[in-house]
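this one's sequence-less:
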């Protein structure tokens, strides 16, 4: 077994935060400033937002356009909450100089081991906001994952362990 292989089962959203080096990461997520959330709590909230969108036949992939005013209340609330979270990428960019997960992963690959060991402290308010996409072999499989059982465990996803964001 490859010691760098990540074979622990996790949901697609958690997998994104644990694997910033993914080829499509910048199409799958953005960095936001949300110190009041753990990454897990943010993922749970985003999962619920995506489920609400799917329940109304809307794509999980976030659109900056607000839903029509006559939209169902839960869809309107979910869209508003997601827009407020996405807006926090501006603060992340101001603090880090980027809102790109790929840029953060690249920067983390160049820091000293002692600085990398302190990344949870240094990046304590930075979170990864999933955008409602999850690519496998170039195809977005997130809608299928979401429709199947919510967000199932993706124990079949084996990737090298790369730079990560806080817990």
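Cool, got the structure. Treat the numbers as computed from the prediction; the structure is a model and nothing was measured. Residues are numbered from 1 along each chain as shown.

going forward, measure contacts between C-alpha atoms and count neighbours the same way
Noted.

contacting residues around the longest helix along the chain?
For the chain, the helix with the greatest residue count under DSSP state H is helix 39-55. Residues outside helix 39-55 that contact it (Cα atoms under 8 Å, 6 or more residues apart in numbering): 13-14, 17, 59-61, 74-75, 78-79, 82, 127-130, 132, 146-147, 150-151, 166-167.

now the angle between helix 39-55 and the very next helix or strand once past that helix, please.
Downstream of helix 39-55, the first helix or strand assigned by DSSP states H and E is helix 73-87. Here helix 73-87 runs at an angle of 140 degrees relative to helix 39-55 (axes from the mean of the first three to the mean of the last three Cα atoms, to 10 degrees).

Who are the packing partners of helix 73-87?
If you count contacts as 3 or more Cα pairs under 8 Å, 6 or more residues apart in numbering; DSSP states H and E, helix 73-87 packs onto strand 29-33, helix 39-55.

buried residues in that helix?
Using 16 or more other Cα atoms under 10 Å as the test for burial, helix 73-87 gives 75, 76, 78, 79, 80, 82, 83, 85, 86.

Could you do stretch 85-98 as well?
For stretch 85-98, the buried set under the neighbour-count rule, 16+ other Cα under 10 Å, comprises 85, 86, 88, 89, 90, 91, 92, 96, 98.

Including distance to residue 107 and pLDDT, could these go into JSON lines?
Shown next, in JSON lines, are the buried residues of stretch 85-98 (distance: Cα to Cα, whole Å; pLDDT from 0 to 100):
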{"residue": "85", "distance to residue 107": "24", "pLDDT": "96"}
{"residue": "86", "distance to residue 107": "22", "pLDDT": "95"}
{"residue": "88", "distance to residue 107": "20", "pLDDT": "96"}
{"residue": "89", "distance to residue 107": "18", "pLDDT": "96"}
{"residue": "90", "distance to residue 107": "19", "pLDDT": "96"}
{"residue": "91", "distance to residue 107": "18", "pLDDT": "96"}
{"residue": "92", "distance to residue 107": "15", "pLDDT": "95"}
{"residue": "96", "distance to residue 107": "10", "pLDDT": "91"}
{"residue": "98", "distance to residue 107": "10", "pLDDT": "90"}
